[in-house]
Structures are given as structure tokens and as C-alpha cells.
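Enquirer: attaching a predicted model along with its sequence, questions to come.
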Amino acid sequence: MIQRIQSLFLLLAGAGSLSLFALPFATTQDSVASSPLLNDAVFNLNDNIILLLLFVLGGLLSIGAIFLFKNRTLQMRLARISFIANLLGMVVVAFLYLNDAVNQGNAEPQDGVGAYMPILSMVLLFLAIRYIKKDDSIVRSMDRLR
């Protein structure tokens with residue numbers, strides 16, 4: 001149900017997580033042979049299976065939660081799990097990038113747009129959870145009036 005604002009937030013958060021297939025986390029001018037992440041001059045989602053799983057899980061759960069508008073508790077739970085998956089993905093990205101800094105040598109990687117997409121997804125998921133809670137409180141207050 002796209003009529004509610006939280007559905008729009010969930011859709012945008014899912015799109016943000018799944019857009020990492022096309023957006024790199026970091027790039028360099030030349031490939032770095034000693035670096036497992038930047039050996040093709042691009043650090044993206046396909047460089048680590050854990051990153052791939054976490055961000056795909058986060059994106060699919062966000063999009064799947066849109067269709068659970070009648071079960072707000074499950075919708076909120078899936079949004080929270082998606083938030084945690086995005087957060088863990090960001091931690092893994094930072095861990096891999098910082099551990100690979102030794103192998104980069106003189107290469108100076110530039111941040112890609114993909115480095116900021118999980119943050120945007122987490123903000124949108126936070127807003128979606130907030131509006132789901134607000135929607136749930138409105139429904140509960142209406143039930144009290146009956």
C-alpha cells in the first residue's frame with residue numbers, strides 16, 4: 001500500500017540498499033594489485049559475499065515490508081531487521097576498507113556514492129519505523145474509543 005508515507009520510506013530504503021549493485025564504495029585511478037578490494041580499481045558490493053548478503057537482505061526486507069501494511073508489528077520487525085542488516089553492512093565495509101588500507105600503497109581511493117547509500121537507507125528505515133509506530137498508536141487509540 002503505497003498510500004502511506006512509511007511505505008514510501010520503505011521503498012526508497014530498499015532501493016537505496018539494492019542500488020549498491022551499481023554504485024561503488026570507493027574507486028582508484030589505477031588498479032592496486034596487492035589489494036584484494038581494489039585490484040580492479042573499484043571497491044563494490046561484489047568484492048565480499050558478506051556484504052552482498054547483508055545489503056540484499058536489507059533491501060529485500062524493506063521492500064517486502066511494504067506489503068505487510070495490515071500487520072504493523074511484523075512490518076516494524078522487518079524494518080528493524082533491515083536496519084540492523086544495513087548497519088552491519090556498514091560495519092563490514094568499514095572493517096574491510098580499514099584492513100585493506102595497508103595493501104593500498106600510494107593509491108588514493110575516492111569515496112563513491114555507494115559509501116553513503118546505506119546511511120540514507122538507515123535514515124529512511126528509521127523514519128519508516130517511526131511512522132509505523134505512529135500509525136499503530138492511532139489505530140490503538142481508535143480501538144479504545146469503540
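Expert: Received the coordinates, thanks.
Enquirer: what does the pLDDT read for Ser121?
Expert: Per-residue pLDDT puts Ser121 at 96.
Enquirer: so who does the closest residue to it other than its chain neighbours touch?
Expert: Counting by Cβ to Cβ, 6 or more residues apart in numbering, Gly16 is the residue found nearest to Ser121 once chain neighbours are left out, at 3.9 Å. Where C-beta positions appear, they are placed from N, C-alpha and C, glycine not excepted. Contacts for Gly16 (Cβ atoms under 8 Å, 6 or more residues apart in numbering) come out as 59, 117-118, 120-121, 124.
Enquirer: most neighbours among these, please name it.
Expert: Sorting the contacts of Gly16 by how many neighbours each has (other Cβ atoms under 10 Å) puts Ser121 first, at 31 neighbours.
Enquirer: measure it to Phe83 for me?
Expert: 8 Å (Cβ to Cβ, to the nearest Å).
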